[in-house]
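A.B. asks: sequence and predicted structure, then a few things I'm wondering about:
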Amino acid sequence: MSRNSLSTDVPSATRSRSPGWRDPRLWAGVALVAGSVVAGSAVVGSADESTAVWAAARDLSPGEVLHADDLRATRVRFGEDDDSERYLPVSETLPAELTLLRGVGAGELVAGAALGDASSDTVAVPVAVGPEHVPPGVGAGSRVDIWVVGEGARGEPRAKAVLHDVAVLAAPSAAESFAASTSRQVVLSVPQDDEGSLATLLAASGEGLVRVVGRR
């Protein structure tokens with residue numbers, strides 16, 4: 001047997017080459033990594049814009065004294081900074097001996113206006129107001145001023161402030177307030193000993209003369 005018949009052809013070795021900077025696959029990988037970083041940053045940034053506030057862990061009734069185990073922390077992303085100020089932030093210590101001025105349903109955010117000192121003497125006063133005389137952002141937890149309008153002795157228009165910086169306990173829409181009526185009900189927390197303002201407010205409510213001014 002000849003030596004040539006025993007020999008085999010061995011292919012020549014080739015050296016692998018790393019992809020160069022012009023390789024489109026390299027740039028595609030860079031773009032993918034960059035996109036992931038941007039998306040992750042957006043998610044983290046969005047999460048940082050939420051605020052931790054207290055919500056009711058169960059149904060709470062008016063007159064109950066609020067305790068820590070009645071609450072659970074929840075994160076909410078508010079549209080306006082002023083909105084977050086209406087509620088109890090988790091970052092602050094809860095005041096002692098807070099009493100519920102109105103009912104709060106399980107899972108509902110606890111508004112500061114729904115709470116009062118256990119010794120405070122306030123009454124919940126419902127008034128009828130035309131929807132056009134209530135600012136759109138007014139709701140449970142808002143602070144408002146109440147004005148009464150009318151005419152003077154000579155027929156000139158006049159307006160008188162009867163309540164300053166009072167809490168709104170509830171403010172359902174006009175459709176929910178009164179059947180077959182275009183009035184909107186606004187429930188206010190009013191000091192019980194302010195008899196003069198109460199009398200003026202109730203009389204004006206029946207005449208449609210109440211105006212609500214929102215505070216910031």
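C.D. replies: Sure thing, it's come through. Just so it is clear, the model here is predicted, and its values are computed rather than measured. Residues are numbered from 1 along each chain as shown.
A.B. asks: list the residues that contact A55.
C.D. replies: Neighbouring residues of A55 by C-beta atoms under 8 Å, 6 or more residues apart in numbering: L71, R72, A73, T74, G107, E108, L109, V110. C-beta: built from backbone N, CA, C; applies to glycine.
A.B. asks: check which helix or strand Q185 maps to.
C.D. replies: Using DSSP states H and E, Q185 falls within strand 184-191.
A.B. asks: can you name every helix or strand that the helix or strand just after that strand contacts?
C.D. replies: Where DSSP H and E defines the elements, the next helix or strand beyond strand 184-191 is helix 195-207. Counting contacts by 3 or more C-beta pairs under 8 Å, 6 or more residues apart in numbering; DSSP states H and E, helix 195-207 is packed against strand 122-129, strand 143-151, strand 157-170, strand 184-191.
A.B. asks: make a markdown table from those strands and add mean pLDDT, mean neighbour count and distance to G206 to it.
C.D. replies: Compiled in a markdown table, the helices and strands packed on helix 195-207 are given as follows (pLDDT from 0 to 100; neighbours: other C-beta atoms under 10 Å; distance: least, C-beta to C-beta, whole Å):
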| stretch | mean pLDDT | mean neighbour count | distance to G206 |
| --- | --- | --- | --- |
| strand 122-129 | 88 | 18 | 8 |
| strand 143-151 | 90 | 17 | 11 |
| strand 157-170 | 88 | 16 | 14 |
| strand 184-191 | 88 | 20 | 13 |
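A.B. asks: adding distance to G103, write the ones you listed out as CSV.
C.D. replies: Formatted as CSV, the helices and strands packed on helix 195-207 follow (distance: least, C-beta to C-beta, whole Å):
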stretch, distance to G103
strand 122-129, 11
strand 143-151, 20
strand 157-170, 9
strand 184-191, 12
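A.B. asks: can you say which of those strands is nearest to A204?
C.D. replies: strand 143-151 (4.2 Å; C-beta to C-beta).
A.B. asks: returning to what we had before: right, so of the helices and strands packed on helix 195-207, which gets closest to R211?
C.D. replies: strand 143-151 (4.4 Å).
A.B. asks: now do the closest one: everything it contacts.
C.D. replies: The contact list for strand 143-151 (C-beta under 8 Å, 6+ apart) reads 113, 127, 138, 157-168, 188, 200-201, 204, 209-215.
A.B. asks: first vs last residue of stretch 198-214, how far apart are they?
C.D. replies: With C-alpha to C-alpha, to the nearest Å as the measure, the ends of stretch 198-214 fall 19 Å from one another.
A.B. asks: got the buried residues for that stretch?
C.D. replies: Residues of stretch 198-214 classed as buried by neighbour count (16 or more other C-beta atoms under 10 Å): L198, T200, L201, A204, S205, L209, V210, R211, V212.
A.B. asks: mind checking the pLDDT average for it?
C.D. replies: For stretch 198-214, mean pLDDT is 92.
A.B. asks: what's in contact with it?
C.D. replies: 123, 125, 127-130, 133-135, 137-138, 142-150, 159-160, 162-163, 183, 186, 188, 190.
A.B. asks: ok, so of the contacts of A55, who is nearest T93?
C.D. replies: Nearest to T93 out of the contacts of A55 is L71 (C-beta to C-beta; 12.6 Å).
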